[in-house]
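>>> only geometry, no sequence info:
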């Protein structure tokens, strides 16, 4: 029998379900049109079929944190800039949507202590390895082995999802990948885990701290699993989408023909109809207040008073926001001339670095900065020379004042500042949020308390779509199964 072409292949779950007797849900609401909302709309349509009405509520604009800023008529990523080579869902989105990888423009990195560079990258791979060994012994090898072991187990999720398996809690998902050890990695720090496998304190203070300040804006007290995901991105090859990573979000919503409603969701109330749950989504838009009923709802925005002031009505037991905090994060996109003297290079022509990470030093007022390239890179594009005016992205926990800007830049043409609470503050809680809030009411953003990256959100989106599908058709053999590696092998 010839294999089914891709469009028909996507309809297989819905066709099988139809033959099982129960009609698919008529309508699904998705709260949020960032990557999580866009991906869950796409995966939900894959599972339930194109006849399901998909309404996506978004107040600010499609893309969420995958945003761009404009400098001199060119667009630049403000956050969510790089994607790991092993991000298979993101790779699949790009291929499905006909998007392209952005051409890579190489540049060297260094780690700055506030007084001097503690580690500098060169153009020679062997020299870089020698410097790592000279400063830190075999710590970098122990780090690499630790990260690779975590990633190898994490990659099992793609096999599980390809076979339709889903998990009703984040703990169950982690346990299926790496046993209790993975669950424990959300409760202990990355520093503790690395010291345990023989990484030196100096390496943790210099290198690990710099990577985590750059990615999460936080210290080495970040939980081990979140730290491993961040360190995997720092070690492996990364890529980005030509035209901007936010094109993935708009592309997925266009592909699914989702109805994007420009409104803020204010609450969700539970009702019943013909013996089944029905969810009323209340919203507020430019034309006033409104509401609509749905068979299923997926919340992809953080359920935290500072981020979304939801009111849940008629639920028993009541649904509350989850006690947690978010890390303040400020991105300053500066078009100007770098003050290379601050970094020990009086002659700007000799400054060799495109990316500067920082150690956890009390007097340092920024976490990282990099000379960024536009989202559209022509074949003739070249990175600005250090003595030229360039576009720099500076990450900090507080907005930079004029004196701090003057410290980093000799002069500048423009500064664009974006403030947000982008990542969970990982030391503020010890419990993971639920995925299921009610029978057909799901919460996607809780996955960020495990680790926050584009691929983690995409994995969580597929899990929610599979969980919703398996619960709707009562295929309980596909939920929270033990010994999944064995099951998957026997199904091949």
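In hand now; what should we look at? All of these numbers come straight from a predicted model, not from anything done at the bench.
>>> Low-confidence bits of the stretch 151-300 of the chain, can you list those?
Along the stretch 151-300 of the chain, the model assigns pLDDT under 70 to residues 236.
>>> That one: strands as residue ranges?
Applying DSSP state E, counting those that start in this stretch to the stretch 151-300 of the chain gives strands spanning 238-239, 259-261, 263-273, 276-285, 288-294, 296-299.
>>> Quick check on residue 24: phi, psi?
Main-chain dihedrals, residue 24, degrees, to the nearest 10: phi -70, psi 170.
>>> correct me, but it touches residue 53?
No - Residue 24 is beyond contact range of residue 53, at 10.6 Å (criterion: C-beta atoms under 8 Å). Yep, even glycine has a C-beta here, placed from its N, CA and C like the rest.
>>> So which of the strands of the stretch 151-300 of the chain is nearest residue 377?
strand 238-239 (12.2 Å; C-beta to C-beta).
>>> what sits up against stretch 68-83?
With C-beta atoms under 8 Å, 6 or more residues apart in numbering as the test, stretch 68-83 has contacts from 35, 65-67, 90, 233, 238-241, 244-246, 329, 331, 333, 335, 372-376, 391, 393, 414, 416, 418, 420, 422, 454-455.
>>> Show only the entries of those found in helices.
Of the contacts of stretch 68-83, the ones assigned to helices by DSSP state H are 35, 90, 233, 454, 455.
>>> Mind picking the lowest-pLDDT entry from these?
Sorting the ones in helices among the contacts of stretch 68-83 by pLDDT puts residue 233 at the bottom of the list (78).
>>> who touches that one in this structure?
Applying C-beta under 8 Å, 6+ apart, we find residue 233 in contact with 82, 84, 215, 453.
>>> tally of neighbours for the last one?
Other residues within reach of residue 453, judged by other C-beta atoms under 10 Å, total 23.
>>> Then the third one?
Neighbour count of residue 215, defined by other C-beta under 10 Å: 24.
>>> Does it touch residue 228 like I think?
No - applying C-beta under 8 Å, one finds residue 215 not in contact with residue 228, separated by 11.6 Å.
>>> The contacts of stretch 68-83, buried ones only, as a PyMOL selection?
Command for PyMOL, covering only those of these found buried under the criterion 16 or more other C-beta atoms under 10 Å:
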select buried, resi 35+65+66+67+90+233+239+240+241+244+245+246+329+331+333+335+372+373+374+375+391+393+416+418+420+422+454+455
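>>> Quick one: end-to-end length of stretch 49-64, please.
One end of stretch 49-64 sits 26 Å from the other (C-alpha to C-alpha, to the nearest Å).
>>> where does that stretch sit relative to the chain's centre, distance-wise?
19 Å (C-alpha atoms, centre = their mean, to the nearest Å).
>>> Can you point out the buried residues in it?
Applying 16+ other C-beta under 10 Å to stretch 49-64 flags 49, 52, 54, 55, 56, 57, 58, 59, 62, 63, 64 as buried.
>>> quick one: which of the residues you listed is nearest to residue 145?
When these are compared against residue 145 (criterion: C-beta to C-beta), the nearest one is residue 64, at 34.5 Å.
>>> What residues does the closest one make contact with?
Residue 64 sits in contact with 32, 33, 34, 35, 36, 37, 249, where contact means C-beta under 8 Å, 6+ apart.
>>> Out of those, grab the one that's most surrounded.
residue 37 (31 neighbours).
>>> Show me where the stretch 1-150 of the chain has its helices.
6-10, 12-20, 35-48, 88-97, 125-136, 139-154 (DSSP state H, counting those that start in this stretch).
>>> closest one to residue 386 among the ones you listed?
helix 125-136 (20.2 Å).
>>> Tell me the spatial nearest neighbour of residue 99, not counting adjacent residues.
residue 241 (5.4 Å; C-beta to C-beta, 6 or more residues apart in numbering).
>>> and the gap between the one you found and residue 84?
Distance of residue 241 to residue 84, given as C-beta to C-beta, to the nearest Å: 13 Å.
>>> Likewise for residue 66?
Separation of residue 66 from residue 84 (C-beta to C-beta) stands at 15 Å.
>>> likewise residue 380?
28 Å.
>>> Please name the residues that touch the closest residue to residue 215 other than its chain neighbours.
Distances taken as C-beta to C-beta, 6+ apart place residue 230 nearest to residue 215, at 4.3 Å, with adjacent residues excluded. Taking C-beta under 8 Å, 6+ apart, we find residue 230 in contact with 211, 212, 215, 216, 222, 451, 453.
>>> From those, list just the buried residues.
211, 212, 215, 216, 222, 451, 453.
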